[in-house]
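Enquirer: Attaching a predicted model along with its sequence, questions to come.
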Amino acid sequence: MPRTVAIDHVRNIGIMAHIDAGKTTTTERILFYTGMVHRMGEVHEGTAFTDYMEQEKERGITITSAAVSVPWRDHTINIIDTPGHVDFTAEVQRSLRVLDGAIGLFCAVAGVEPQSETVWHQAEQYRVPRIAFVNKMDRLGANFNRVLEMMRSRLGAKPVAMQIPYGAEDTFKGVIDILAMQAYVFDAEQGVTFDVVPIPDEYRAAADEARTALIEAAAEVEDALLERYLAGEDISNEELQAAIRTGTLRLQHTPVFCGSSFKNKGVQQLLDAVINYLPSPTDVGHVHGHSAENYEQEDTRPPSDEAPFAALAFKVITDPFVGRLTFIRIYSGTIATGTQVMNVTNEGKKERIGKLIRMRANKRDELDEAYAGDIVAVPSLRWTRTGDTLCDTRKPILLENISFADPVINQAVEAKTLADQDKLAESLHRLSEEDPTFRFHTDAESGQTIISGVGELHLEIIVDRLKREFGVPVKVGKPQVAFRETVSSSATANGEFVRSAAGKNQFGQVTIEIRPNSAGKGLEFHNELKPEVLPELYAQSVARGALEALKVGPIAGYPMIDVVAVLRDAGFQEEDATETAYAVAASMAVRDAVRKASPILMEPVFAVEVVTPEEYVGEVIADLSSRMGRVEGIQSRDILQVVTALVPLSQLFGYVTQLRSLTQGRGSYTMTFRQYEPSVARH
């Protein structure tokens, strides 16, 4: 079956923002205006099309990113509606890894919020071109220009206003298009129709000023336009649009649009902007990876149906109807049902493509073939996990994996009945396959099952899903912090392993120095010996033994972080040397040196941002101080105050209840992991 939409008419985009900025509502309007649904769902009513999990409907938030495919102006737009809550930031991360462009959504009242910053910087990391949409222009306190200023100061972005609002708050009528220099006024009901009218006199000066800024932004991209602009020549709208598109793809600036998704204003123009300014797979160009035979050697694939097949698995979910579903982004080539592909990441194992499904949120269409640029789901892949590369068996390539944050919070769970014990282990295994930031293990001492995640809400949702989706109700313990250990000074120790077994001697002897590493650098091993002193084969065994020993700290058995092990000296007897002996000797030396190097307990510290009315600032700061928090600053945001502080995670359990009590329900907070610091908790 031939391709129905050319690859340069495909857009793979994500909608990203802070929690409650209106991402899901915007997606609902897009589905309605593109004819995918005939009635708009609402988040507050629990009827949003893309929030199909029970937990999403109850809480009115997005937990898992949902893929939706919609047609618009002879184009296909694949949209991923990502979560805004910081506990589900991995969903944003894995989506950005496979998307070509993104819409950054900002609330016209709150502006750039903490999670907006987090996802924006994640998009910077993955070099994803963005347009911005200032939503909720109908709300009390909406201020378009202040959002632009916050984008400059907080994100370091260069916003270019492609529209300005026609009215604001309760008088918001529509938008003024700066490129076409005309206004759009939307009908009061569903916003399907709109009138194109001349710009009202009271907005003429603001529109002229915005157009001058737009021309200057375009002129910065194209030198020829700059010369013509300085010479006073006219520049056509087509030339301006092409220059703004080029600048957007180069990440030089961000076109900004505005509207009110809830009041059905400005969404069609946002869809036009996706097509006009965000890249197709051909604009993004070749995907870069590594040779499957030699990781040091770079390999690439063009965004072409004729090229060898290459795709990245970026998400695994358990679907109640078809079982395990793996979402893949196809970078090159064509894939058909019945084809066999190779999983390069997982030891070259073969997978058979039984079905190809295009997901429309929780609805699905079966396909015979999928092409370069497509995002599709494949059921029943046995060996494939998040971040794995699938490719042509004859032309393997290894694409860059996706890195995720480590869990920082633990909780003990226990099945309520003995019959559910095996079912619990199986359910946790399936959840950990879906969510790379969720882990579980059995505590060797207590025999308890410990689940680990990135926040309280994250674990709360996991427990809820165990009960509802998997039918395993569990008893839960109090959340515990995932501590780490490190060393605060340097120390050196010898390790010697000499054994004789079954007439065979084994010998290994090393001297290893342990010292602190820079924060965030993790565990490292350095070999300072030449091969004449200790051959490379045994040096590798020393490295393996040393790093293995650093996995468990001497204080309470927590994993160690930010430690360097240096091989200083070694004894070598050629006839008796064995790899095992050197690994054991290294392990003994490391454990001894770590005990001498003043080990300390480390705990996760979070950056907390509290938004509160001014009259409660004193109580909020006093409470943060009582939680061993360090207040870093206080800023005004219109009538609200924003308090930023660094607080140990161990002191933040149940903070939301206390904050509501202190501020009579008017305060809110967000927290993001900052770093590990020496623990202040008592143990």
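Expert: All right, it came through fine. All values reported here derive from a predicted model rather than from experimental measurement. Numbers count the residues shown, from 1 in each chain.
Enquirer: For the stretch 451-600 of the chain, just list every one of the helices.
Expert: 456-468, 536-549, 579-596 (DSSP state H, counting those that start in this stretch).
Enquirer: chain center to the last one, what's the gap?
Expert: Centre-to-centre, helix 579-596 and its host chain are 38 Å apart (Cα atoms, centre = their mean, to the nearest Å).
Enquirer: helices and strands around it, which ones?
Expert: strand 491-501, strand 504-516, helix 536-549, strand 563-571 (3 or more Cβ pairs under 8 Å, 6 or more residues apart in numbering; DSSP states H and E). Placement of C-beta: from N, CA and C, glycine included.
Enquirer: in it, what counts as buried?
Expert: Within helix 579-596, the residues that count as buried by 16 or more other Cβ atoms under 10 Å are 579, 581-594.
Enquirer: cool, and the shortest one?
Expert: Counting neighbours by 16+ other Cβ under 10 Å, one finds that the buried residues in helix 456-468 are Glu456, Leu457, His458, Leu459, Glu460, Ile461, Ile462, Val463, Asp464, Arg465, Leu466.
Enquirer: ok, of the buried residues of helix 579-596, which one's closest to Gly520?
Expert: Nearest to Gly520, judged by Cβ to Cβ, of these is Val594 at 19.5 Å.
Enquirer: residues in contact with the closest one?
Expert: Counting by Cβ atoms under 8 Å, 6 or more residues apart in numbering, Val594 touches Val487, Ala491, Ile514, Ala549, Leu550, Gly553, Pro554, Met560, Val563.
Enquirer: Could you report the neighbour count for Gly654?
Expert: For Gly654, the neighbour count with other Cβ atoms under 10 Å is 11.
Enquirer: likewise Gly633?
Expert: For Gly633, using other Cβ under 10 Å, the count is 9.
Enquirer: What distance do you get for it to Asp100?
Expert: Gly633 is 36 Å from Asp100, where distance means Cβ to Cβ, to the nearest Å.
Enquirer: returning to that earlier point: with distance to Ser261 and pLDDT as extra columns, can I get the contacts of Val594 in TSV?
Expert: Output for the contacts of Val594, formatted as TSV (distance: Cβ to Cβ, whole Å; pLDDT from 0 to 100):
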residue	distance to Ser261	pLDDT
Val487	52	94
Ala491	59	95
Ile514	55	95
Ala549	55	93
Leu550	50	93
Gly553	49	92
Pro554	55	93
Met560	48	92
Val563	49	95
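Enquirer: hmm, back to that, Gln651 is nearest to which of the helices of the stretch 451-600 of the chain?
Expert: Closest among the helices of the stretch 451-600 of the chain, using Cβ to Cβ: helix 456-468, at 12.9 Å.
Enquirer: What's the mean pLDDT across the closest one?
Expert: Helix 456-468 comes out with an average pLDDT of 84.
Enquirer: How far off centre is that helix?
Expert: Using Cα atoms, centre = their mean, the offset of helix 456-468 from its chain centre is 20 Å.
Enquirer: Kindly spell out which helices and strands sit in contact with it.
Expert: Against helix 456-468 (3+ Cβ pairs under 8 Å, 6+ apart) you get helix 54-59, strand 409-415, helix 421-434, strand 449-453, strand 474-476.
Enquirer: quick one: contacts of the fourth one?
Expert: Outside strand 449-453, the residues that touch it by Cβ under 8 Å, 6+ apart are 87, 407, 409-414, 424-425, 428, 437-443, 459, 462-463, 482.
Enquirer: at 10 Å what do you get?
Expert: Residues from elsewhere that reach strand 449-453, judged by Cβ atoms under 10 Å, 6 or more residues apart in numbering: 87-88, 90, 406-415, 421, 424-425, 428, 431-432, 435, 437-443, 458-463, 466, 474, 476-477, 479-480, 482.
Enquirer: Could you give me the buried positions within stretch 511-531?
Expert: Quick answer for stretch 511-531 (16+ other Cβ under 10 Å): Thr511, Ile512, Glu513, Ile514, Arg515, Pro516, Asn517, Leu523, Glu524, Phe525, Asn527, Leu529.
Enquirer: From Arg515, how far out is the last one?
Expert: In this structure, Leu529 lies at 17 Å from Arg515, with Cβ to Cβ as the measure.
Enquirer: that older thread, farthest-separated two in the buried residues of stretch 511-531?
Expert: Pro516 and Leu529 (22.0 Å).
Enquirer: Which strand runs longest in this structure?
Expert: Criterion DSSP state E: the longest strand present in the chain is strand 599-613.
Enquirer: between it and strand 409-415, how big is the angle?
Expert: Using axes from the mean of the first three to the mean of the last three Cα atoms, to 10 degrees, the direction of strand 599-613 lies 100 degrees away from that of strand 409-415.
Enquirer: what packs against strand 599-613?
Expert: Counting contacts by 3 or more Cβ pairs under 10 Å, 6 or more residues apart in numbering; DSSP states H and E, strand 599-613 packs against helix 114-125, strand 484-487, helix 617-626, strand 630-637, strand 640-648, helix 655-662, strand 668-678.
Enquirer: what's the most buried one of those?
Expert: strand 484-487 (a mean of 24; mean count of other Cβ atoms under 10 Å).
Enquirer: send the alpha carbons of it over as PDB?
Expert: Output in PDB follows, covering the C-alpha atoms of strand 484-487 (Å, rounded to 0.1, in the frame of the first residue of the first chain):
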ATOM      1  CA  ARG A 484      23.400   7.400  48.700                       C
ATOM      2  CA  GLU A 485      26.900   7.200  50.100                       C
ATOM      3  CA  THR A 486      30.200   8.800  49.100                       C
ATOM      4  CA  VAL A 487      33.700   9.600  50.600                       C
END
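Enquirer: who touches it?
Expert: With Cβ under 10 Å, 6+ apart as the contact definition, strand 484-487 has outside contacts at 406, 408, 514-517, 519, 523, 550, 552-564, 593-604, 676, 678-679.
Enquirer: where does it sit relative to the chain's centre, distance-wise?
Expert: Here strand 484-487 is found 27 Å from its chain centre; the criterion is Cα atoms, centre = their mean.
Enquirer: How about stretch 619-627?
Expert: Worked out by Cα atoms, centre = their mean, stretch 619-627 lies 31 Å from the chain centre.
Enquirer: I'd like the numbering to begin with 544 instead of 1 from here.
Expert: Will do, 544 is the new start, and the previous item becomes stretch 1162-1170.
Enquirer: For Tyr1081, which non-adjacent residue is closest in space?
Expert: Residue nearest to Tyr1081 in three dimensions, not counting chain neighbours: Tyr1125, with 4.6 Å by Cβ to Cβ, 6 or more residues apart in numbering.
Enquirer: unless I'm mixing things up, that neighbour is touching Asn1070, no?
Expert: No: judged on Cβ atoms under 10 Å, Tyr1125 makes no contact with Asn1070 at a distance of 11.8 Å.
Enquirer: what do these two both touch?
Expert: Shared contacts of Tyr1125 and Asn1070 (Cβ under 10 Å, 6+ apart): Leu1077, Ala1082, Gln1083, Val1085, Ala1086, Ala1089, Leu1110, Ala1113.
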